[in-house]
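Q: Here is the input, now give the coordinates:
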Amino acid sequence: MKTKLKALWDIVIGLVVLFVLIAIAVAAIQYIGGLIIKGIETLSEIASKTDAVVIVALITGGVSIFGVVISSIIAKILDYRQKTKRYLYEKREEPYSDFIKMVYKIMHSAKLGEEYSEVKMFEDTVQFSQKLTLWGSSKVIKKWLRFRLSIQEKDFDPESNLFVMEDIIFEIRKDMGLKRKGLKKGDLLSFFINDIKNLTDSNRISK
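A: Numbers count the residues shown, from 1 in each chain. Reported below is the predicted structural model:
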């Protein structure tokens, strides 16, 4: 019995509190609404008593100030983005350069018989992967993973993977702000492969 009475009492108290809160909210809304209406009326009275030239000047000044504020905000955003890009360029330069060096080592080793041991190649690959994990763009990372997976397959095709490697270089150049305009499939490989035309299709498409 006491439990039921307590529960009923709690409900009554809850309803009373709810009604009080609603009353306060309604009063606050009415008060704020009154202030807004009063403010509008005051502005209307001021406007009716103020010279039109002054009103236009005030509006023009307000618009100018608003424009300056917006321009300043936009300039800050653009400056932040530019600084971020510059920072990333500087951080990506080292790992991307390491990759290019590694490619040339591989090509010289195959073409000129220069020593580039598997141990050294593995070390360079791990070092590049570590730096790429932190600073590489998503597209470069995806292409690098594709290259690593392809060379581990049983039906490994050296010629196809040359072009995968070239795609990585093209993506690296893009990250560093260089466009691919005018460069075609195989153009970068021609730096170290003389018969690259025999490996590319007759209908090469410029990307």
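Q: Assess the claim that Leu183 and Asp167 are in contact.
A: No. Proximity of Leu183 to Asp167 does not meet the contact threshold set by Cβ atoms under 8 Å, at 11.8 Å. Bear in mind the C-beta positions are built from the backbone N, C-alpha and C, glycine included.
Q: Please say which of those two ends up with more neighbours.
A: Asp167 (19 against 15; other Cβ atoms under 10 Å).
Q: so where does Arg92 fall, helix or strand?
A: helix 52-112 (DSSP states H and E).
Q: Can you tell me what sits against the very next helix or strand once past that helix?
A: Note on helix 52-112: by DSSP H and E, the next helix or strand toward the C-terminus is helix 118-135. Helix 118-135 is contacted from outside by 88, 91-92, 94-95, 98-99, 101-102, 105-106, 140-141, 144, 148, using Cβ atoms under 8 Å, 6 or more residues apart in numbering.
Q: list the buried ones in helix 118-135?
A: Asp124, Phe128, Ser129, Lys131, Leu132, Trp135 (16 or more other Cβ atoms under 10 Å).
Q: Mind putting these into TSV with distance to Glu115 and pLDDT?
A: Output for those, formatted as TSV (distance: Cβ to Cβ, whole Å; pLDDT from 0 to 100):
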residue	distance to Glu115	pLDDT
Asp124	14	87
Phe128	20	89
Ser129	23	89
Lys131	24	89
Leu132	25	89
Trp135	30	89
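Q: Give the residue spans of the protein that score low on pLDDT.
A: Along the chain, the model assigns pLDDT under 70 to residues 1-8, 43-56, 58, 110-114, 154-158, 196-207.
Q: picking that back up, now for the helix holding Arg92, which elements pack on it?
A: Applying 3 or more Cβ pairs under 8 Å, 6 or more residues apart in numbering; DSSP states H and E, we find helix 52-112 packed against helix 118-135, helix 158-175.
Q: Run the angle between the first one and helix 52-112 for me.
A: Between the direction of helix 118-135 and that of helix 52-112, the angle (axes from the mean of the first three to the mean of the last three Cα atoms, to 10 degrees) works out to 170 degrees.
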